[in-house]
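Colleague: The sequence and its predicted three-dimensional model are supplied below.
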Amino acid sequence: MIRILCQIFRTGIITEPLSHTENEVIETGTKQEEAVGKYFSRSLTIRQVDSGSCNGCELEIHAVNNSFYNCEKYGIHFTASPRFADMLLVTGPVTRNMEIALKRTYNATPSPKLVVAVGDCGCNGGIFGESYASVGGVGKVIPVDVYIRGCPPTPADILNGILKAVSG
Amino acid sequence: MSSLVDALTALLGTDVQFDTRQYPHSVISCTVPRDKFGRAAKALKKAYALLAAEWATDETAFGGGLAVFACFRWGSEYLIVRSELPLDDPSFPSLTKKYLPAYRFERQIHSLMGAVPAGHPDLRPWIKFEDWPQNAFPLRKSFDARQSLPRMKGDYQWSKAEGEGVYEIPVGPVHAGIIEPGHFRFQAVGEMVLNLEERLGYVHKGIEKKFETFSFLDGVKLAGRVSGDTTVAHSIAYSIAVESMTGCLVPERAHWLRALFLERERIANHLGDIGAICNDAAFAFMLYQLSRLRELMLRTNYKLFGHRFIMDRVVPGGVTADLSGDGKKDIVEEMDMITREFERLIVIYDQNPSLEDRVRDTGLLSPEKARELCCVGIVARASGMNLDCRLQNPFPPYDRLGVNVPVLISGDVHARVWVRVEEIRESIRLIRAIVQGLPHGPINVDAVLPPSDTAGFAAVEGWRGEIIYWIQAGPGAEINRCMVRDPSSVNWIGLEQAIQGNIVPDFPLCNKSFNQSYSGHDL
Ligand code: SF4
């Protein structure tokens, strides 16, 4: 136990202020629920859905949880069930095989809800495009509030995108 | 002379026709009549070969029909056996009863290429879901990949268990965490798992078909996105396969830099994995500490090579990011820091009894089973198999630097953690040696395009294990077929086997200790 405590004190608090992302990376989508900032103030629960990604975007979403970015600082945390979620964070080109699961997850999320599409693939299908196996970007299947570009976007971009969606 | 070739020719004699269009020439390829395909596998099994991959191609562009391929490995030898199948009757003898991993390879061949493995015990579709038109075979040339397929009616037949107190737990595809989608179905009694059936294919993006629309040079971008966590290893494997066909001589410095990227990727992923495994055993401290080290490495990657995962920095012909003198200093300092912190944390891991209770004897994959399933990578090394492409098929500088491969035999979660621990230590040693001995010179040469009607092969040890690429150039020197075999394609079955007899709450822990790729499997 003493080793654990020593290591915790040695490490200290390493969380950094969030660096600002340039505007090209984050785009606002068609659907905007006004006043969500008000509803969700200081507590945002996110359900992440991989709808076909290569797992690169997932790794950076994981990083948002690490002590440097520490998303909990903003009251953001990830949940296991869409029923508790205020926001869906969706990655990947939506594959044909995930299309129905994504729609169901969306329908299971209570309103008001936000959808943020992460990564070039989530925005428009990216390198995988549209084909027999891939429907394309997330916006083809469910309404999207904010798009975050990048392959994969950096953790700071993702965090900025989430905050942007909340502030409307 | 190759012992596998001897075994094959001893049985089939002049029925075996060797093929000189397969590169590199160290990988031997031959064609046998299709009725001898099964017997060939039997002979190779007797010679202790493992099945590395099985796939099919559409060779109508060459004026042929379909062809089925099986790639066998023994030590550092690879042998590819091929049989031609006429289009009007594309059946071939199934290898499943001889080689268990053929079970899924053949279901996949049947679903996506429409070749029929005769005698296969279970031809339920794989990757192709029940709502696809049954006659849609995306890997055939006649299939237009741009169309969107109608949804049909159909049911997937799950394997069943019956008896008093037996119940089922369906999990997924959307999982309770930030992970890729897949479906697991457990049959359990009380807390104990009787059987686990996996169903994958949710992230099938049509990657193999997509490769056929890319040029040889651009294909590396797609290879780097087959499994984003393994982007470096996949790009290296793709590039080496293309280079083998063209005889392109990659500069020495580029080889060394590739190895540097590969080892950095290995450490970063292992750090994340060890943390996540501890977290699944309710020891979050390790996750946060190790994620910190991982994040620091990714930042160094960004600073030195311009991308946190070093994506798109390996291309056919070499690499596109160099290492400066200052960069070397950064890396050496970083390795000092990682060693110091990591060793402290590993003492904590090792001395924590409650953790030990969770990870020891959990998720056991016995050495016999691992061999039977032809597992690769970390999973194989934790179950007694001494397999590592860096040792058996090294590209420079691994031949010069040597690699110490950790092999454990207990096959439990702890063994899979400990293989990772030892590999991190070894990778740190390799990185120091690479930085010190990095030769001077250019970092890439212009890649030449492969000649028509040739095939290239590469096997590279990614952090999960052996990655295989087999690329076939068509008559117009375009990509006719690019077969990708991620380690996950074989290791997923290992998880099904390891979980039996464990309690349901230990599944996340076991799954994390395997940490196989969904995207690399589903393609
Ligand atoms: S955007 Fe890039 S990292 Fe994200 S899923 Fe697509 S290919 Fe992978």
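Modeller: The structure has been received and is ready for your questions. Numbers count the residues shown, from 1 in each chain, chains lettered A, B, ... in the order given.

Colleague: so how many other residues sit close to the residue in chain A positioned nearest to chain B?
Modeller: Ranked by Cβ to the nearest Cβ, the top residue of chain A for proximity to chain B is A:Gly56, at 2.4 Å. Just so you know, the C-beta spots here come from the backbone N, C-alpha and C atoms, and that holds for glycine as well. A:Gly56 has 26 neighbouring residues, counting by other Cβ atoms under 10 Å in any protein chain shown.

Colleague: Next, the residue lying closest to it once chain neighbours are set aside: phi, psi?
Modeller: Among residues not flanking A:Gly56 along the chain, B:Gly228 sits closest, at 2.4 Å (Cβ to Cβ, 6 or more residues apart in numbering or on different chains). The phi/psi pair for B:Gly228 (degrees, to the nearest 10) reads phi -60, psi -30.

Colleague: again with the one 10 residues further on
Modeller: Dihedral angles of B:Tyr238 (phi, psi; degrees, to the nearest 10) stand at phi -60, psi -50.

Colleague: For the stretch 151-300 of chain B, give me the ranges with low pLDDT.
Modeller: Along the stretch 151-300 of chain B, no part satisfies pLDDT under 70.

Colleague: returning to that earlier point: the residue nearest to A:Gly56: neighbouring residues, count only.
Modeller: Neighbours of B:Gly228 (other Cβ under 10 Å): 26.

Colleague: so it touches A:Gly126, yeah?
Modeller: No: with contact taken as Cβ atoms under 8 Å, B:Gly228 and A:Gly126 are classed as non-touching, separated by 11.1 Å.

Colleague: Look at whichever residue of the stretch 351-500 of chain B sits closest to chain A and say how many residues are nearby.
Modeller: Closest contact between the stretch 351-500 of chain B and chain A, by Cβ to the nearest Cβ, is at B:Gln351 (7.5 Å). For B:Gln351, the neighbour count with other Cβ under 10 Å is 12.

Colleague: what's the distance between the nearest residue to B:Arg313 once chain neighbours are set aside and B:Met335?
Modeller: Spatial nearest neighbour of B:Arg313, excluding adjacent residues (Cβ to Cβ, 6+ apart): B:Ala321 at 4.4 Å. B:Ala321 is 19 Å from B:Met335, where distance means Cβ to Cβ, to the nearest Å.

Colleague: got it, and A:His77?
Modeller: As judged by Cβ to Cβ, A:His77 and B:Met335 stand 34 Å apart.

Colleague: Neighbour count for those two, which is higher?
Modeller: The neighbour comparison of A:His77 against B:Met335 (other Cβ under 10 Å) goes to B:Met335, with 18 against 13.

Colleague: buried set for the helix ranked longest in chain B?
Modeller: Counting residues, the longest helix found in chain B (DSSP state H) is helix B:252-280. When neighbours are counted by 16 or more other Cβ atoms under 10 Å in any protein chain shown, the buried residues of helix B:252-280 are found to be B:252-280.

Colleague: Show the contacting residues for the residue nearest to A:Gly56.
Modeller: B:Gly228 makes contact with A:53-59, A:152, B:309, B:311, B:519, according to Cβ atoms under 8 Å, 6 or more residues apart in numbering or on different chains.

Colleague: Burial check on the nearest residue to B:Phe305 once chain neighbours are set aside, number of neighbours?
Modeller: Leaving aside its chain neighbours, B:Phe305 sits nearest to B:Ala321 (4.1 Å; criterion: Cβ to Cβ, 6+ apart). B:Ala321 has 18 neighbours, counted by other Cβ under 10 Å.

Colleague: go on, A:Asp86?
Modeller: Around A:Asp86 there are 22 residues (other Cβ under 10 Å).

Colleague: ok, it to A:Met98 distance?
Modeller: In terms of Cβ to Cβ, A:Asp86 sits 22 Å off from A:Met98.

Colleague: Then A:Leu18?
Modeller: 31 Å.

Colleague: Between its first and last residues, how far does stretch A:114-131 reach?
Modeller: 27 Å (Cα to Cα, to the nearest Å).

Colleague: Now do the buried residues in it.
Modeller: Buried residues in stretch A:114-131 (16+ other Cβ under 10 Å): A:114-131.

Colleague: Likewise for stretch B:73-81?
Modeller: B:73-75, B:77-81.

Colleague: In the residues you listed, find the pair that's most separated.
Modeller: B:Gly75 and B:Val81 (17.3 Å; Cβ to Cβ).

Colleague: How are the strands of chain A distributed by residue range?
Modeller: Assigned by DSSP state E, the strands in chain A fall at A:26-28, A:44-50, A:76-78, A:87-91, A:94-95, A:114-118, A:134-136, A:146-148.

Colleague: So is the fifth one next to chain B?
Modeller: So the one you mean is strand A:94-95. Yes: judged by Cβ under 8 Å from any Cβ of the partner chain, strand A:94-95 comes into contact with chain B through A:Thr95.

Colleague: Tell me the residue of the stretch 251-400 of chain B that sits nearest the ligand?
Modeller: B:Met311 (7.6 Å; Cβ to the nearest ligand atom).

Colleague: so what's that residue up against?
Modeller: Going by Cβ under 8 Å, 6+ apart, the list of residues near B:Met311 reads A:56, A:151, B:224-225, B:228, B:231-232, B:235.

Colleague: how about 7 Å then?
Modeller: With contact taken as Cβ atoms under 7 Å, 6 or more residues apart in numbering or on different chains, B:Met311 is in contact with B:224, B:231.

Colleague: How about B:Asn279?
Modeller: B:286-287.

Colleague: got it, and B:Gly65?
Modeller: By Cβ under 7 Å, 6+ apart, the residues touching B:Gly65 are B:59, B:84-87, B:90.

Colleague: Columns secondary structure, pLDDT and distance to B:Leu293 on top of those, output as CSV?
Modeller: Listed next are these as CSV, based on DSSP: H, G, I helix; E, B strand; the rest coil; pLDDT from 0 to 100; distance: Cβ to Cβ, whole Å:
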residue, secondary structure, pLDDT, distance to B:Leu293
B:Glu59, coil, 90, 49
B:Glu84, strand, 91, 52
B:Leu85, strand, 92, 51
B:Pro86, coil, 92, 56
B:Leu87, coil, 90, 54
B:Pro90, coil, 92, 51
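
Colleague: could you flag which of those residues are buried?
Modeller: B:59, B:84-85, B:90.

Colleague: Adding distance to the ligand, write the residues you listed out as JSON lines.
Modeller: As requested, the buried ones among the contacts of B:Gly65 are exported to JSON lines (distance: Cβ to the nearest ligand atom, whole Å):
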{"residue": "B:Glu59", "distance to the ligand": "30"}
{"residue": "B:Glu84", "distance to the ligand": "36"}
{"residue": "B:Leu85", "distance to the ligand": "34"}
{"residue": "B:Pro90", "distance to the ligand": "33"}
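
Colleague: Quick one: those residues as CSV, columns for distance to B:Ala40 too.
Modeller: CSV is the format used below for the buried ones among the contacts of B:Gly65 (distance: Cβ to Cβ, whole Å):
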residue, distance to B:Ala40
B:Glu59, 19
B:Glu84, 14
B:Leu85, 15
B:Pro90, 18
